[in-house]
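A.B. asks: one predicted model, sequence on top.
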Amino acid sequence: MSDAILEIKDLHVQYNTDDAVVHALNGLNLTLEKGGVLGLVGETGAGKTTMALSILKLLPEKVGQVTKGTITYNSLDILKARKHQMMKLRGAKISMIFQDPMTSLNPIITVGDQILEVLDLHFPDMDKNEKDQKVDEILGLVGIQAKRKDEFPHQFSGGMKQRIGIAMALVAEPELLLADEPTTALDVTIQAQILKLMKELKDKFDTSMILITHDLGVVAEFCENVAIVYSGEIIEKGTIEDVFTRDHNHPYTEGLFNSIPNLTCDTERLVPIPGFMADPTNLPAGCKFAERCKYCMEECKTHVPPSYAIGTHSIKCFLFSDMEGDK
Amino acid sequence: MKRKNIKSSGSIVNRGSWGLVLFRFRKNKLAMIGLVVIMILVIASLTAPLYIDYETVYTQCIKDRFLTPGTDGHILGTDQLGRDLFARIIYGGRISLLAGLITVAMALALGVLLGGVAGYFGGWVDNVIMRFCDVFMAVPRMLLAMAVSAALGQGTFKMVIALSVAAFPRFARVVRSSILSLRGQEFIEAARCYGSSSPRIIYKHIIPNGLGPVIISATLSLGSTILSIASLGFLGIGVAPPTPEWGTILAENRINIRYYPHLGLVPGLFIVVCVMCLNFMGDGLRDAMDPRSKV
């Protein structure tokens, strides 16, 4: 096992809004190995994007606040890092792909110049010709003709814009890539293309990656490890095999799987997970999924379950308290 | 910045992004007419001393009163004091155009500063500045300008100040709202993620994106400012006679319009044409500066 490139320990993040304190992350633990691909799955509002922003230290100023925990990137404590250190890190070492390619590109700057901008920021000494060459090269890699670099974002389709977004994220050859739902805004055929492209580029540049998504299919296709996020904590994590064989799953993950149509059997209706996610302004004392859980026990309501590890697989649920260690 | 453009013939033309704006602007006939007319007016006013002696503007000659256009070398005739109308119109244009330009520039500077600070810092700073602007906006522009010039007294520069005070809140609003809408855009956040610093984001992303609306509203308000200058002149609280200015000229000749209509028509026409052309230009600029508009 290679070294960890990113380690998040017991991260608590809250948003202090005018109305209430929103507990977005509640003790999130995560480790990403060098070169690894981790899929982060969870429903809207589970704290996935908050986690990505925390890693880049770009939580909204004054509102977003890390109250507890550490984020370590290559033995650098991100939460204690200085502003200029972070600025050097962003884009060059840690990069991000955004959810909506329609809005994440500046509409009045040509795409070539936008990619060039990243190089200008991080390689001020690089020769202009060399930079131009790199831009052409990365555009070629994401499958866009280099001669189109003088066009504006509105002249490209959604899928092409996302390719440009990927080109921008990768042009400085970062070590860690945060992909925040990169395919959500795209249609399914383009999704497959983009995922394939990301996989190729990831191998080429040897980038570690966190893929944030709410599509379990994408995770199965793309990732080596998967973590399920619920109410700002990771309730289950393991390798793809651990989770997707469905021998043991957190009740929430089980619910997620039951919400996916199965082609091989005749199910009349899908089984949704009843209820809504716990109110992040007023979290329950015990397990945050207890209210919606069909296996809910008395202790679930009062105590937060610890993580029970079964080999590489760990589940944060009392149901698995007696299974620890065996596989 | 290079930009490729495919013409109908199939040849590819490289243009800078400003070249593209120019290209689109050129295709807009009305805007081009506006630009040409304004250029003629500006050049005619600026070069006036080369072909009209300044003395002619003031020289009164009782026996040459109310000459019809074309007589005795008076291209546009003379007014009730026998002054050459053409000379007064041309020299009046210097005042009208220049005062308009200075007014807009002053209002713009103040508006960009206040609006920029309000939009960028937000919070209570934004509140204080915007409520301050609201106070000014609550009073009709013309009324405010009249009140200020009445308080300061008559004079060209005082009128300029009065009009800029009346005009700046609108600029402040335009600048603030475009900064606010830009600040929330994802590409600004993306720029931050790629390691841009705040000054760089302002310089590279916010200013170029916000520039368009500001230039457009400045061009459009130049027309209305020239109109306001003429109105104040007409009411007798703007430029002081005998200094020529289109509104003042109109006011001086008001009583004789019934018998000598050209005395009213000429300055009136100059005002109308000038304002209209500026508005055409503003509209043309707005269309040309939008990168999403089709070429």
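C.D. replies: Yep, that arrived.
A.B. asks: for residue 231, which non-adjacent residue is closest in space?
C.D. replies: With no chain named, the answer covers chain A. Sequence neighbours aside, A:Lys288 is the residue nearest to A:Ser231 in space, at 3.9 Å (criterion: C-beta to C-beta, 6 or more residues apart in numbering or on different chains). Using the backbone N, CA and C atoms, a C-beta is placed for each residue, glycine as well.
A.B. asks: ah, no, chain B please
C.D. replies: B:Gly247 (6.1 Å).
A.B. asks: secondary structure element for that neighbour?
C.D. replies: Element membership for B:Gly247, per DSSP states H and E: helix B:246-253.
A.B. asks: point out the other helices and strands that that helix packs with.
C.D. replies: helix B:85-121, helix B:207-235, helix B:262-289 (3 or more C-beta pairs under 8 Å, 6 or more residues apart in numbering or on different chains; DSSP states H and E).
A.B. asks: now render these as CSV, adding mean pLDDT and mean neighbour count.
C.D. replies: Formatted as CSV, the helices and strands packed on helix B:246-253 follow (pLDDT from 0 to 100; neighbours: other C-beta atoms under 10 Å in any protein chain shown):
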stretch, mean pLDDT, mean neighbour count
helix B:85-121, 90, 22
helix B:207-235, 86, 21
helix B:262-289, 89, 20
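A.B. asks: nearest to A:Pro101, of the ones you listed?
C.D. replies: helix B:207-235 (17.7 Å; C-beta to C-beta).
A.B. asks: and the angle from the closest one to helix B:246-253?
C.D. replies: Relative orientation of helix B:207-235 versus helix B:246-253 (axes from the mean of the first three to the mean of the last three C-alpha atoms, to 10 degrees): 10 degrees.
A.B. asks: re earlier: so who does the residue nearest to B:Ser231 touch?
C.D. replies: B:96, B:229-234, B:238-239, B:267, B:271 (C-beta atoms under 8 Å, 6 or more residues apart in numbering or on different chains).
A.B. asks: what's the most distant pair in those?
C.D. replies: Longest span within the contacts of B:Gly247, C-beta to C-beta: B:Leu232 and B:Pro267, 14.3 Å.
A.B. asks: dihedrals phi and psi, the residue nearest to A:Ser231?
C.D. replies: phi -70, psi -10 (degrees, to the nearest 10).
A.B. asks: center of chain B - which residue?
C.D. replies: Nearest to the geometric centre of chain B sits B:Leu222, at 1.6 Å (C-alpha atoms, centre = their mean).
A.B. asks: from A:Leu79, how far off is it?
C.D. replies: Distance, B:Leu222 to A:Leu79, by C-beta to C-beta, to the nearest Å: 52 Å.
A.B. asks: what about B:Ile179, how many residues nearby?
C.D. replies: Residues within reach of B:Ile179, counting by other C-beta atoms under 10 Å in any protein chain shown, total 22.
A.B. asks: please name the nearest non-neighbouring residue to it.
C.D. replies: B:Gly119 (3.2 Å).
A.B. asks: quick one: contacts for the one you found?
C.D. replies: B:126, B:175-180, B:183.
A.B. asks: could you pull up the residues touching B:Ala191?
C.D. replies: With C-beta under 8 Å, 6+ apart, B:Ala191 has these contacts: A:106, A:117, B:200-201, B:204-205.
A.B. asks: grab the nearest non-local neighbour of A:Asn282.
C.D. replies: Leaving aside its chain neighbours, A:Asn282 sits nearest to A:Ala20 (7.9 Å; criterion: C-beta to C-beta, 6+ apart).
A.B. asks: surely the one you found meets A:Thr281?
C.D. replies: Yes: between A:Ala20 and A:Thr281 there is a contact under C-beta atoms under 8 Å: 4.0 Å.
A.B. asks: need phi/psi at the closest residue to chain B within the stretch 51-200 of chain A.
C.D. replies: Of all residues in the stretch 51-200 of chain A, A:Gly91 sits closest to chain B, at 3.5 Å by C-beta to the nearest C-beta. Per-residue torsions, A:Gly91: phi 90, psi -40 (degrees, to the nearest 10).
A.B. asks: try the one 5 residues further on
C.D. replies: According to degrees, to the nearest 10, the main-chain angles of A:Met96 amount to phi -140, psi 140.
A.B. asks: in strands, which of the contacts of B:Ala191 appear?
C.D. replies: Among those, no member falls in strands (DSSP state E).
A.B. asks: so which of the residues you listed would you say is closest to B:Leu20?
C.D. replies: Checking these against B:Leu20 with C-beta to C-beta, the nearest one is A:Asn106 at 15.8 Å.
A.B. asks: chain A contacts on the stretch 101-250 of chain B?
C.D. replies: With C-beta under 8 Å from any C-beta of the partner chain as the criterion, the stretch 101-250 of chain B meets chain A at residues B:185-187, B:189-197, B:200, B:204-205, B:208-209.
A.B. asks: who's in contact with the residue nearest to A:Ser231?
C.D. replies: If you count contacts by C-beta under 8 Å, 6+ apart, A:Lys288 has them with A:26, A:230-231, A:233, A:278.
A.B. asks: in strands, which of these appear?
C.D. replies: Filtering the contacts of A:Lys288 for strands - DSSP E - leaves A:26, A:230, A:233.
A.B. asks: per-residue confidence for the second one?
C.D. replies: Looking back up the chat, that one is A:Tyr230. If you check A:Tyr230, the pLDDT there is 89.
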